[in-house]
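> Okay, predicted coordinates and the sequence, questions at the end:
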Amino acid sequence: MMKKEELYQFDKPFIDRHEAFLQEVISEEGQVLDEKTRYIAILATLLGSQSVDLYKEVLVDALDRVLTPVEAKEVVYQAVDYLGMGRVYPFLFATNSLMASKGIELPLEDQSTTDSDTRLEAGAQAQVDIFGPQMKDYWKGGHMNRWLAANCFGDYYTRKGLDLGQREMITFCFLSAQGGCEPQLKAHIFGNLNVGNDLDFLTKVLSQCVPYIGYPRSLNAMTVIQEVRAVLEENKK
């Protein structure tokens, strides 16, 4: 496989222009994120867009600069709920291989806080915390709803390593990057609002990910943000 350094030999003018745009995005007035948040968002976006080669390069930088191994692993684990194991599988191997090559001792400490007896109740409570009290008995609506509460929220959202705001933010990234999930994206934008991630923050997150997912999916996600903004403005009247 060709290494990134070889691109500078064969595609230098293009790479120079792309790197310049990356710096423009990072420093855009009003769209700046702290470094840790930016790396977490980009890694989640690369998972969502199935960009495993670039994911590995960004992960190296993230671990060298600001991210802990636990934080990085938690992004990958939570992706399973939104992308499926079929698409996350190669990222698990890539992450383990890269961490091992950096001398990080594996396995990492387990971040679980639930077990088979507590996952459903804890997951249902996490849904309430994120989406509101109407979710208290949502899990009773059928086996898919029960799985959603117990597995998606009880197995993953209750884990340590990332807080609830970070988990909702990466979910926003997973959904934006894979596309075709606009109803779920809108629901999780409201979820982000409920855990303290406002629309300006989500716009910054999306802006920092534009170079990695391109304009069509970025503009689609921005449209959903604006739809939510319109709803909030209407509710103020």
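Sure, I can see it.

> The one helix or strand Val228 maps to packs against which elements?
Per DSSP states H and E, Val228 falls inside helix 215-236. Using 3 or more CB pairs under 8 Å, 6 or more residues apart in numbering; DSSP states H and E as the contact test, the elements touching helix 215-236 are helix 164-178, helix 182-194, helix 199-213. Yep, even glycine has a C-beta here, placed from its N, CA and C like the rest.

> I'd like these laid out as TSV, including mean neighbour count and mean pLDDT.
Converted to TSV, the helices and strands packed on helix 215-236 look like this (neighbours: other CB atoms under 10 Å; pLDDT from 0 to 100):
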stretch	mean neighbour count	mean pLDDT
helix 164-178	24	98
helix 182-194	18	97
helix 199-213	21	98
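
> Tell me which of the ones you listed approaches Trp139 most closely.
Nearest to Trp139, of all these, is helix 182-194, at 15.9 Å by CB to CB.

> Show me the shaky parts of this structure.
1-2 (pLDDT under 70).

> for the helices and strands packed on helix 215-236, which one sits closest to Thr223?
Per CB to CB, nearest to Thr223 of these: helix 182-194, 8.2 Å.

> Show me what that closest one is packed against.
Using 3+ CB pairs under 8 Å, 6+ apart, helix 182-194 sits against helix 119-131, helix 164-178, helix 199-213, helix 215-236.

> try 7 Å
helix 119-131, helix 164-178, helix 215-236 (3 or more CB pairs under 7 Å, 6 or more residues apart in numbering; DSSP states H and E).

> re the thing from before, contacts for the helix holding Val228?
For helix 215-236, contacts defined as CB atoms under 7 Å, 6 or more residues apart in numbering pick out 176-177, 179, 182, 185-186, 189-190, 199, 202-203, 206, 210.
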